[in-house]
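> A structural model of the following input is requested.
(one chain, ligands or ions: 1)
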Amino acid sequence: MYAEDVRIVCPCIPFYLDEFSAMRKCWCGLFIRAGVEDGSVLHGVSEPPPGPVEVRVAAEGDLREGEGKAVTIGKRRIALFRTASGWHALSNVCRHWGGPLAEGGVEGEFVMCPWHGWRYDVRTGATDHPDAEVKVYPVTVRDGEVFVTV
Ligand code: FES
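Residues are numbered from 1 along each chain as shown. Alright, predicted model coming up:
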């Protein structure tokens, strides 16, 4: 009965039996080996799901209006800009061929990709090219420090 249920409920178990035996649980922590009395000692079982995280990326004095810089948060490459409307953070990867938007020229609320000139609105990530907008991230300025939430 148990073996039959496992095959129905978890698609991973039949393929990763060795790994799951060593970890004493499945990837998701839905199935734990018999004999484990405290599931919290198993990596990935009792950790809270990753939620939004606010990360300090600059001091307010680091950029003047019309300037940008690249920052990295985890695996995310982010372009940080300061414009007349405030601070903005968006993906640093142009949707055309991956140019570094943080190195582009800023004009008003727009940045121009340094490689081939696609223009992005730093407030929204929108561009003139259909379905090619880039992701934007919330920015907070507090006590002279700039934070991006990812
Ligand atoms: S890589 Fe950005 S416009 Fe081509």
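> beta partners of residue 93?
residue 100 (DSSP bridges).
> now do the contacts for residue 68.
Residue 68 makes contact with 79-82, 101-104, 106, 111, according to Cβ atoms under 8 Å, 6 or more residues apart in numbering. C-beta coordinates here come from the backbone N, C-alpha and C atoms, glycine included.
> now these: which count as buried?
Burial by neighbour count, judged by 16 or more other Cβ atoms under 10 Å, picks out 79-82, 101-102, 104, 106, 111 from the contacts of residue 68.
> can you list these in JSON lines and add distance to the ligand, secondary structure and pLDDT?
Below are the buried ones among the contacts of residue 68 laid out as JSON lines (distance: Cβ to the nearest ligand atom, whole Å; DSSP: H, G, I helix; E, B strand; the rest coil; pLDDT from 0 to 100):
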{"residue": "79", "distance to the ligand": "12", "secondary structure": "strand", "pLDDT": "97"}
{"residue": "80", "distance to the ligand": "18", "secondary structure": "strand", "pLDDT": "98"}
{"residue": "81", "distance to the ligand": "16", "secondary structure": "strand", "pLDDT": "98"}
{"residue": "82", "distance to the ligand": "21", "secondary structure": "strand", "pLDDT": "98"}
{"residue": "101", "distance to the ligand": "8", "secondary structure": "helix", "pLDDT": "97"}
{"residue": "102", "distance to the ligand": "12", "secondary structure": "helix", "pLDDT": "98"}
{"residue": "104", "distance to the ligand": "8", "secondary structure": "coil", "pLDDT": "98"}
{"residue": "106", "distance to the ligand": "15", "secondary structure": "strand", "pLDDT": "98"}
{"residue": "111", "distance to the ligand": "10", "secondary structure": "strand", "pLDDT": "98"}
